[in-house]
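Visitor: return atomic coordinates for the entry below.
(one chain, ligands or ions: 1)
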Amino acid sequence: MRVADIAVIGAGAVGCAVARRFALHGASVLVLEKEADLLSGASKANSAILHTGFDAPPGSLELACMQEGYAEYLDIRGQMNLPLLETGAMVIAWTEAELAALGPIADQARANGIGDVRLISPAEIASHEPHLSGRALGALLVPGEHIIDPWSPFLAYLLQAKAHDAEIAFSSEVTGGAFDGEIWTLQTSTGERRAKTVINCAGLYGDAIDKLLLGAADFEIRPRKGQFVVFDKAAADFLRTIILPVPTERTKGVVLCRTAFGNVLVGPTAEEQKDRVRATTDEASLRELVRRAIDMLPPLKDIGVTAVYAGLRPATEEKHYRIAAKPERQWITVGGIRSTGMTAALGIARHVYRMYDSSAAPPLPEQHLPLMPNLAEHLPRDWSQAGYGEMVCHCELVTRREIEAALSGPLPARDFGGLRRRTRCAMGRCQGFGCHARIAELTRGYFETPLTIDPVA
Ligand SMILES: Cc1cc2nc3c(=O)[nH]c(=O)nc-3n(C[C@H](O)[C@H](O)[C@H](O)COP(=O)(O)OP(=O)(O)OC[C@H]3O[C@@H](n4cnc5c(N)ncnc54)[C@H](O)[C@@H]3O)c2cc1C
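Guide: I've put the predicted structure just below:
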């Protein structure tokens, strides 16, 4: 049986980036993911902000990983056709107390290396955002905060890992295993796998995997739910910048921003819960989010809601990342990647690689670079190019050519969620009412759990 250099448990944002980094250095990588497709855990539902780290704890590993991840994303995104909405952000003070807090936040941002932040007056806020409520008393402008597509980058990283010979095993839940002093033998739902080193990137199950395979965990996952409301695309005309609240010790707070797909988003809430799987929405929280959004951006009162969703952060009892190596067990845990993991993923991957190989030899000179299809609304979409075949999803303008491409290639969509994240089909105003039947036909034979069955003869 093949013995991989590295087994990565989990194909979330972090696992995909880690697999890529090791594969780029020539390691043989095995990715074990319990779900049918990547990004099926915490990483499927977030705010998609590429953070500068201006408000991160000074000197923290989180800050270092965010900044390294941010820089690498800017570096590689052009080569892989990954979008970036250069919005900038404003931390808005709505009260006198918040206004007083802006100065120290600006100082912290500068201490964190973000030198281009500055305090701005209500008049300058209005010049940036003419539709924002006139109640704002002042703001901290953070030009480097941006919006990205939250899914394509991680698919690109996994494609890159695969092109460098990584084996990606979906529907492979790690259920047990043992280390014999040299090699790990892992039991999975698709059979036994072997690797020299294991990297636990199991997100919401990070503590459970450490307990299962090491006998104990240094932390406890305490899932923190975030609910969101997505406004129709007409709302995007009213907003350019990311509107951030003054952060608290506990949360970054409720954000109002555009999405790369042309909508406006408000959220997330921060709600502790025990359930690691289900992230439900509730009407009272959603109504409160809508109220807050309209309060900040009054024209939203005339805009419909496209969708609502919720995600779970893999929070722990402590705020910081829980990344630790156990060299004697050939094991690295990458746990508790709570609120900033999408930004930090590439930086975390570099940090973990340095933990593994302190000489940090340079990566392979020839790197395969997958070119991703564009889903972002500010760039030309597939429907604007000739020969797309058929318009399948009329809300999100998803073509048959895009769906067929997502069902083929080295990492095809393996369930409906994966197809939605690769194409945006059924994610628009009608939430699939108009296109679900056609998508069911086009995906017949592709998914383990089909969307339709043939009528009984
Ligand atoms: C509401 C919300 C808003 C956010 N906003 C932002 C933002 O704007 N910017 C930002 O940078 N970050 C943001 N984040 C944070 C970011 O989404 C997370 O930090 C990141 O998704 C964590 O990724 P992960 O890979 O650690 O975990 P996960 O995505 O959960 O990945 C872990 C994977 O491991 C798999 N797994 C678990 N157990 C097993 C097993 N036994 N065998 C095999 N596989 C297993 C799971 O199925 C899963 O796919 C936000 C998060 C939330 C929830």
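Visitor: can you give me the helices in the stretch 1-150 of the chain?
Guide: With DSSP state H, counting those that start in this stretch, the ranges of helices along the stretch 1-150 of the chain come out as 13-24, 61-80, 96-111, 122-128.
Visitor: Gly341 is nearest to which of these?
Guide: Among these, helix 13-24 comes nearest to Gly341, with 5.3 Å by C-beta to C-beta. The way it works is simple: take the backbone N, C-alpha and C, and place the C-beta from them, glycine included.
Visitor: by contact count, what packs against the closest one?
Guide: strand 3-9, strand 29-32, helix 152-163, helix 341-356 (3 or more C-beta pairs under 8 Å, 6 or more residues apart in numbering; DSSP states H and E).
Visitor: helix 341-356 and that helix, what's the angle between them?
Guide: Orientation note: helix 13-24 sits at an angle of 40 degrees relative to helix 341-356 (axes from the mean of the first three to the mean of the last three C-alpha atoms, to 10 degrees).
Visitor: hey, which of the helices of the stretch 1-150 of the chain is tucked in deepest?
Guide: helix 13-24 (a mean of 30; mean count of other C-beta atoms under 10 Å).
Visitor: just for the chain, where's the confidence low?
Guide: 250, 456-457 (pLDDT under 70).
Visitor: by proximity to the ligand, which residue of the stretch 301-450 of the chain wins?
Guide: Among the residues of the stretch 301-450 of the chain, Gly341 lies closest to the ligand, at 2.2 Å counting by C-beta to the nearest ligand atom.
Visitor: surely that residue is in contact with Val14?
Guide: Yes. Using C-beta atoms under 8 Å, Gly341 makes contact with Val14 at a distance of 5.7 Å.
Visitor: all helices of the stretch 351-457 of the chain, in order?
Guide: Under DSSP H, counting those that start in this stretch, the stretch 351-457 of the chain gives helices at 400-406, 416-423, 436-442.
Visitor: in CSV, list those helices along with mean neighbour count and distance to Lys162.
Guide: Listed next are the helices of the stretch 351-457 of the chain as CSV, based on neighbours: other C-beta atoms under 10 Å; distance: least, C-beta to C-beta, whole Å:
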stretch, mean neighbour count, distance to Lys162
helix 400-406, 20, 15
helix 416-423, 24, 15
helix 436-442, 16, 24
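Visitor: who in the stretch 1-150 of the chain is up against the ligand?
Guide: 9-15, 32-35, 40-43, 45-49, 51 (C-beta under 6 Å from any ligand atom).
Visitor: ok, the stretch 301-450 of the chain next?
Guide: Contact residues (C-beta under 6 Å from any ligand atom) of the stretch 301-450 of the chain with the ligand: Gly311, Leu312, Arg313, Pro314, Ile337, Arg338, Ser339, Thr340, Gly341, Met342, Thr343.
Visitor: OK, contacts around the nearest residue to Lys34 once chain neighbours are set aside?
Guide: Computed as C-beta to C-beta, 6 or more residues apart in numbering, the closest residue to Lys34 that is not its neighbour in sequence is Glu173, at 3.6 Å. Going by C-beta atoms under 8 Å, 6 or more residues apart in numbering, Glu173 touches Leu32, Lys34, Thr188, Ser189.
Visitor: one more pass at 7 Å, please.
Guide: The contact partners of Glu173, taken as C-beta atoms under 7 Å, 6 or more residues apart in numbering, are Lys34, Thr188, Ser189.
Visitor: show me the residues you listed that map onto strands.
Guide: Thr188 (DSSP state E).
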